[in-house]
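Visitor: I'll drop the sequence and a predicted model, then ask my questions.
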Amino acid sequence: MAMTRAQAGVQAHVLAVDFAACDGHGLCAELLPELIGLDEWGYPVLHSPTVPAELLPHARRAVAACPVMALRLNRAPTPPPDHPPSRGTAAPRRTVSGGQPG
Amino acid sequence: MNSDTGTVLAGEHSAAPPCGPYGERLLHGWYDTGRTADLTEHLGRYGPVPLSSALSRGTAMPLVRAVEEAGLTGRGGGGFPTGRKLRSVAGAKGPAVVVANGMESEPASHKDEVLLSLAPHLVLDGAALAAVAVGANVVHLCVPRTRATQADQLIAAVAERRRARLDPVPVKVHTLPHHFVSSEETSLVRWLNGGDARPMATPPRPFEKGVGKRPTLIGNVETLAHLALIARYGPAWFRESGSSRAPGTTLVTVSGAVAHPGVYEIPAGSPVPTALARAGGPQGRLGAVLAGGFFGSWLPVPLSTAAPERGAGVLVALPEGSCGLAETAAVLEYLAAQSARQCGPCRFGLPAVAEDFTALARGTADARRINLLHHRLGLLPGRGACSHPDGGARLAASALRVFADDVHRHLYTGPCRAAYAPLVLPVPAPRPPEEEEWR
C-alpha cells in the first residue's frame, strides 16, 4: 500500500510560536494540550513541534484561535530530529546541561 | 588549494602577504608602526583593493568562490560560513545592501573596537569588496553611539577614500544605541529601517528581506577585514594559518588573571592555553576560564589542549579563589536587565533565573530552589525572537556544571568569602534601557 506524503515524512506539519508577538493568552494550550503546555508565566511550551496527522484539525483550530496570531503551522520539508528547526519553531530542549541538581 | 580562483585574485596584488611577529595579518600594521594606518600606508602595506578581479565578466562569483574555498566563517560569534552568506545575498532579487557590524556589545570583548581603530581601511576594503560581490549599492557601517571618537575617525577614513575615488558605492557611518541585544543582526536592520535597535523575529531573514526590504548582507567588521585579505592573497594563503576545520586567524580579547590582557590575533581553532600564553600566560593558579563572553561557557581547569568547539573571541581567566557562581549571577542579572522585553520567556524567565542564581551565590538557596533553577533554565533556549535567552541559559548551565562543588558548598555550608569580593568579569550595572534609549 502506498504511503501518504505525511506518512513518508516528506512534509511534516510543525508548530511555531512567534514569542515576540505572543502575549500568553494560553488558548493554544487549552485547545491542543497534547502538544502545548504553559510555563509558570503562561507562555506556551511546545512538547513536540511536529503535529501528528490525527491532531492536525486541533492544531489548525489552535492556530486560528490565537488572538495575536502568534501560533503558526508550517510545513517542514525535512522531519525535525536530524535538523534542528530554526528559532521559534523549536521545542525547548529539556535540559541545557548534563548537570544534575546539586 | 591552488585553484584558478586563487591565482586570478592573487594575480593583482603588489605587496607581500602581511605577517606580524606572531603571524598577524589584520594587526600587521600595528606591529609594524604602532599607530593607525592611513590610506596611503594601508595600500602600501596590503596593495590595491582588487575590486576589478572580484568581478569577472560582470559577475562577482570569483570572490564568492574564493571566500568559500578559504572557509572563512563569521567572526561576530555566529560562526556561519561567510561564502554561503555572500552567495545567498548575491542570488537574491534586486539590488542588495551591505551592513558592516561593528557594534560589539559584549562587555568583555574589544576586538572590533581595536580593529576599527588600528586598521579601518582593511574593514572598509572588505565592505567595498562584499558590496561588489553581492551587487549592493550602499554600505552601512554600524558602530556604538558610546564610541563617538571612533565614529569620527571612521567618517574621516571614509572621506579619505572618497577623495581617492576608491569605493564603488557610498559608505554611511551610523552610531546606534549600545545595548547588549542591539548588536544582533535583526536589531541593525530594524534600526536602519527607522525602528528600535531591538531584535526582530525571523523569518524573513535579513538576506532575503532586510534594510529597505532589500537582500542584506550583514558581516562582522573582522569578517570583512579577512575577506579583504582573501580577495588579495587567495584562499590557499588564508588557509596557511589555523586548522583545516577552522582556517585563518582570529582576533581574541584576553582578560582576567593573565600577565598582559589585551586583543591578540591568533590562528583560528587555537587551544585555550595557547591563547592565554599569547597574553603572557596565567598569573597564579586559575579557577576556570570563561570562553565566548557572557553568552559563552565556563571551562574547567586543567584546561583542555584540544581545539575549542566554538570559536572563542573572548577569554577571561578567573583566578583560583574567586567565586564563579557570584560572577555568573552578576552576568545573569545584567543579561536579564538587557532583555529587549519583547518575548515573555526572556522577559520573565531570565530575571527569574538570575534571581535563583543570586540566591545560590549568596548561600540563601535550598535544594528545591536549585531544582526550580534547572527547570527554568531548560525552558529558556529556543523561545525568543533572538538568542538572548539561549545565551544566558548556556552560561548558567556551564556554571552549574563547572562549579558543581561550589554549588554544593553554597547550599550546605553557606557562601564562600569570595562571593562578596569585587568581580573579575567586567559586568556593567544591570540597568534596563528606557524606552527612548532603543532609538
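Guide: Received, thanks. Just so it is clear, the model here is predicted, and its values are computed rather than measured. Numbering: from 1, shown residues only, chains lettered A, B, ... in the order given.

Visitor: got a list of what B:Asp38 touches?
Guide: B:His121, B:Glu160 (Cβ atoms under 8 Å, 6 or more residues apart in numbering or on different chains). The C-beta positions use only the backbone N, C-alpha and C, and glycine is treated the same way.

Visitor: mind doing that once more with 7 Å?
Guide: B:Asp38 sits next to B:Glu160 when contact means Cβ atoms under 7 Å, 6 or more residues apart in numbering or on different chains.

Visitor: and it, its phi and psi?
Guide: With angles defined as degrees, to the nearest 10, B:Asp38 sits at phi -80, psi 180.

Visitor: give me the distance between it and B:Glu113.
Guide: Distance, B:Asp38 to B:Glu113, using Cβ to Cβ, to the nearest Å: 19 Å.

Visitor: host element of the residue nearest to B:Tyr420 when sequence neighbours are not counted?
Guide: The shortest distance from B:Tyr420 to any non-neighbouring residue, by Cβ to Cβ, 6 or more residues apart in numbering or on different chains, is to B:Ala326 (7.5 Å). Assigned by DSSP states H and E, B:Ala326 belongs to helix B:324-337.

Visitor: thinking again about what came up before, hmm, the residue nearest to B:Tyr420 is touching B:Arg417, no?
Guide: No. The criterion here is Cβ atoms under 7 Å, and B:Ala326 misses it with B:Arg417 at 10.5 Å.

Visitor: okay, helices next: where are they in chain A?
Guide: Assigned by DSSP state H, chain A shows helices spanning A:5-8, A:27-31, A:56-65.

Visitor: and of the ones you listed, who's closest to chain B?
Guide: helix A:27-31 (13.1 Å; Cβ to the nearest Cβ).

Visitor: sorry, back to before: can you say which of the helices of chain A is packed in most?
Guide: helix A:27-31 (a mean of 18; mean count of other Cβ atoms under 10 Å in any protein chain shown).

Visitor: what sits up against it?
Guide: Residues from elsewhere that reach helix A:27-31 (Cβ under 7 Å, 6+ apart): A:Ile36, A:Gly37, A:Leu38, A:Pro44, A:His58, A:Arg61, A:Ala62, A:Ala65, A:Cys66, A:Leu71.

Visitor: if you set the cut-off to 6 Å instead, what comes out?
Guide: A:Ile36, A:Gly37, A:Leu38, A:Pro44, A:Arg61, A:Ala62, A:Ala65, A:Leu71 (Cβ atoms under 6 Å, 6 or more residues apart in numbering or on different chains).

Visitor: wait, what's in contact with the residue nearest to the spatial centre of chain B?
Guide: Taking Cα atoms, centre = their mean, the centroid of chain B lies closest to B:Gly76, which sits 2.7 Å from it. Applying Cβ under 6 Å, 6+ apart to B:Gly76 gives the contacts B:Asn101, B:Asn220.

Visitor: state whether it is indeed within a helix.
Guide: No. Secondary structure of B:Gly76 (DSSP: H, G, I helix; E, B strand; the rest coil): coil, not part of a helix.

Visitor: so how far is chain A from it?
Guide: Distance, B:Gly76 to chain A, using Cβ to the nearest Cβ, to the nearest Å: 17 Å.

Visitor: and for B:Pro308?
Guide: In terms of Cβ to the nearest Cβ, B:Pro308 sits 18 Å off from chain A.

Visitor: how far off centre is stretch B:285-303?
Guide: 18 Å (Cα atoms, centre = their mean, to the nearest Å).

Visitor: measure that stretch end to end?
Guide: Stretch B:285-303 has an end-to-end distance of 12 Å (Cα to Cα, to the nearest Å).

Visitor: do it and chain A meet at all?
Guide: No. Judged by Cβ under 6 Å from any Cβ of the partner chain, stretch B:285-303 stays clear of chain A, getting no closer than 9.8 Å.

Visitor: contact partners of that stretch?
Guide: Applying Cβ under 6 Å, 6+ apart, the set of residues contacting stretch B:285-303 is B:106, B:108-109, B:272-273, B:312, B:314-318, B:320, B:322, B:324, B:331, B:391, B:398-399, B:402.

Visitor: of the residues you listed, buried ones?
Guide: B:106, B:108-109, B:272, B:312, B:314-318, B:322, B:324, B:331, B:391, B:398-399, B:402 (16 or more other Cβ atoms under 10 Å in any protein chain shown).

Visitor: that older thread, packing partners of the helix holding B:Ala326?
Guide: If contacts are counted by 3 or more Cβ pairs under 6 Å, 6 or more residues apart in numbering or on different chains; DSSP states H and E, helix B:324-337 sits against helix B:344-361, helix B:388-402.

Visitor: helix or strand next in line after the last one, which one?
Guide: This points to helix B:388-402. Taking DSSP H and E, what comes next after helix B:388-402 is helix B:404-412.

Visitor: the closest residue to B:Val353 other than its chain neighbours and B:Leu400, how far apart?
Guide: Nearest residue to B:Val353, sequence neighbours excluded (Cβ to Cβ, 6+ apart): B:Arg376, at 5.1 Å. Here the criterion is Cβ to Cβ. By it, B:Arg376 lies 12 Å from B:Leu400.

Visitor: more crowded one of the two?
Guide: B:Leu400 (26 against 21; other Cβ atoms under 10 Å in any protein chain shown).

Visitor: surely B:Arg161 meets B:Pro170?
Guide: No. Applying Cβ atoms under 6 Å, one finds B:Arg161 not in contact with B:Pro170, separated by 10.6 Å.

Visitor: compare the two (neighbour count), which wins?
Guide: Using other Cβ under 10 Å as the criterion, B:Arg161 and B:Pro170 rank with B:Arg161 on top: 20 against 12.

Visitor: so that one belongs to a helix, correct?
Guide: Yes. Judged by three-state DSSP, B:Arg161 forms part of a helix.

Visitor: list the residues that contact it.
Guide: So B:Arg161 contacts B:Asp167 (Cβ under 6 Å, 6+ apart).

Visitor: dump the helices of chain A to TSV, plus mean pLDDT.
Guide: Output for these, formatted as TSV (pLDDT from 0 to 100):
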stretch	mean pLDDT
helix A:5-8	48
helix A:27-31	97
helix A:56-65	97
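
Visitor: can you report how many residues neighbour A:Pro33?
Guide: Neighbour tally, A:Pro33, other Cβ under 10 Å: 13.

Visitor: scratch that, B:Glu327 is what I was asking about
Guide: Neighbours of B:Glu327 using other Cβ under 10 Å come to 27.

Visitor: what's the answer for B:Thr305, then?
Guide: Residues near B:Thr305, counting by other Cβ under 10 Å: 9.

Visitor: remind me which residues of chain A are low pLDDT?
Guide: Applying pLDDT under 70 to chain A picks out residues A:1-10, A:77-102.

Visitor: just to revisit the earlier point, and the helix holding B:Ala326, C-alpha only, in PDB?
Guide: Taking Å, rounded to 0.1, in the frame of the first residue of the first chain, the C-alpha atoms of helix B:324-337 are listed here in PDB:
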ATOM      1  CA  GLY B 324      32.400  31.500  39.700                       C
ATOM      2  CA  LEU B 325      28.800  31.500  41.000                       C
ATOM      3  CA  ALA B 326      28.900  35.100  42.100                       C
ATOM      4  CA  GLU B 327      30.500  36.100  38.700                       C
ATOM      5  CA  THR B 328      27.800  34.200  36.800                       C
ATOM      6  CA  ALA B 329      25.000  35.600  39.000                       C
ATOM      7  CA  ALA B 330      26.200  39.200  38.200                       C
ATOM      8  CA  VAL B 331      26.300  38.400  34.400                       C
ATOM      9  CA  LEU B 332      22.800  36.900  34.500                       C
ATOM     10  CA  GLU B 333      21.400  40.000  36.400                       C
ATOM     11  CA  TYR B 334      22.900  42.100  33.600                       C
ATOM     12  CA  LEU B 335      21.600  40.000  30.800                       C
ATOM     13  CA  ALA B 336      18.100  40.000  32.400                       C
ATOM     14  CA  ALA B 337      18.200  43.800  32.600                       C
END
